[in-house]
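[1] Fold the following, please.
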Amino acid sequence: MTARQAALTRRGFILAAASLALLPAARSRADEEDIWMATVPAEAEPHARTWMAWPSTPDFYGGPGAYFESVQETLGRLAAAIAENEPVSMAAPADQHALAARLCGPKVELVGIPTDDMWARDSAPVFVRKEEGSIAAVDFGFNGWGGKQAHGRDSKLAARIAEMAGIERHVTGLCGEGGGLEYDGDGTLLLTESCWVNDNRNPGMEKAEIERLLKVALGVETVIWVPGVRGLDITDGHIDGSFRFVEPGLVIASSYPGDLSEWARAHEEALAILARARDARGRSLEVVSIPAATEVRSTSDDFLSSYANYYVGNGALYTPQFGDRKADALALDVLGRLHPGRRIVQLDVDRIYENGGGIHCVTQQQPE
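    Residues are numbered from 1 along each chain as shown. Presented below is the predicted three-dimensional model:
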């Protein structure tokens, strides 16, 4: 086994014993629930900016060296592409700013916040809009995906971003990640039980209580649960690698044709649930599938070949290009038809996807 293969990654992981100390006691703001009154906007709504986080821990990538440097270069290239269309703020330790500035380019704003890694979808806050129109931050108490990695600095990222942005922060009493939430902006939330109804994040909490707190925090009315997969990746089966809302009533799915794995079984089970589901407005859900890539460049066992893990920005949609010519072309066509008026930007960001995440996992939108 190489040093790279032995490294802590998002899909193939080693339990970090030291990180168990990060498991927080449940925190409650029940006394504030009646006055919170906020809703989570759809990702496709206009953004004030995109937040990202700089990878600062070489040990997660096999130690210092060429591979870790290539991860940083890939993230910088993605940040620069997004910054062509909207402001991008990159949280990064002060001693990393010179490197980050060189790799991200002049249009990316560097913000002096210490970080461990790049998974801003999970460690940054989920932004909501309050009744009077102001933007606020929801902090889901990131704990390294159930204590699987030590993320002491990233656990404070949501609070630091809220402070930097000068906005209210809501502590939910739940522990989870933004990648474990998929919302349509019209009252419907889609998520996996494997992430949220899990003692590594929310010990002793029943699904009904978790659902109640999510409804309060995000202002959603209907929660659709699918089973997901526990323990096969570091996230316990985040929803954003498989299913995404294109718009209310329309879901895109990354399918696994011919696959007999537990991932494929869970996917088929989820499809059956979605076929019966109704959203917050009583609509049935149309599901459009895009087959995952199979002929990819990367040889990593942790490679995420899903086209569902894209990011919808201002005027553009950012999606991976895996080197599978047929699958890449099909994804480009389907995403273009489903998102008329947005430029589809395909990027070679293999270094992100071979660590078990994707473009969506390293971005977090702050709505206007």
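[2] Mind jotting down where the strands sit in the stretch 51-200 of the chain?
    Here the stretch 51-200 of the chain has its strands, by DSSP state E, counting those that start in this stretch, at 88-92, 108-112, 126-130, 135-139, 169-171, 182-183, 188-192.
[3] what lines up beside the third one in the sheet?
    In this case it means strand 126-130. Strand pairing for strand 126-130, using DSSP bridges, gives strand 38-39 (antiparallel), strand 135-139 (antiparallel).
[4] tell me the average confidence for that strand?
    Strand 126-130 comes out with an average pLDDT of 97.
[5] who's in contact with that strand?
    36-41, 135-138, 140, 168, 170, 178, 181, 217-219, 364-367 (C-beta atoms under 8 Å, 6 or more residues apart in numbering). For glycine as for every other residue, the C-beta is placed from the backbone atoms N, C-alpha and C.
[6] So, low pLDDT: which residues of this protein?
    Judged by pLDDT under 70, the chain has its weakly predicted residues at 1-35, 257-258, 260.
[7] so how far is residue 140 from residue 182?
    Relative to residue 140, residue 182 is positioned 14 Å away (C-beta to C-beta, to the nearest Å).
[8] out of those two, which sits in the busier spot?
    Using other C-beta atoms under 10 Å as the criterion, residue 182 and residue 140 rank with residue 140 on top: 26 against 23.
[9] so what's the residue nearest to that one when sequence neighbours are not counted up against?
    Of all residues not flanking residue 140 in the chain, residue 176 sits nearest, at 4.6 Å (C-beta to C-beta, 6 or more residues apart in numbering). Neighbouring residues of residue 176 by C-beta under 8 Å, 6+ apart: 140, 141, 195, 196, 201, 202.
[10] And residue 217, how close does it get to residue 89?
    23 Å.
[11] check contacts around the nearest residue to residue 65 once chain neighbours are set aside.
    Using C-beta to C-beta, 6+ apart and skipping the chain neighbours, the partner closest in space to residue 65 is residue 58 (7.4 Å). Neighbouring residues of residue 58 by C-beta under 8 Å, 6+ apart: 64, 65, 68.
[12] what do you get for residue 218?
    38, 39, 40, 126, 128, 138, 181, 183, 189.
[13] Would you reformat those residues as TSV and include neighbour count?
    As requested, the contacts of residue 218 are exported to TSV (neighbours: other C-beta atoms under 10 Å):
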residue	neighbour count
38	20
39	16
40	22
126	23
128	24
138	26
181	25
183	24
189	24
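[14] What is the nearest of the residues you listed to residue 335?
    residue 183 (19.1 Å; C-beta to C-beta).
[15] beta partners of the closest one?
    With DSSP bridges as the rule, residue 183 is bridged to residue 189.
[16] Hmm, it is touching residue 190, no?
    Yes. At 7.4 Å, residue 183 counts as touching residue 190 under the criterion of C-beta atoms under 8 Å.
[17] any common contacting residues for those two?
    With C-beta under 8 Å, 6+ apart, residue 183 and residue 190 have common neighbours residue 245.
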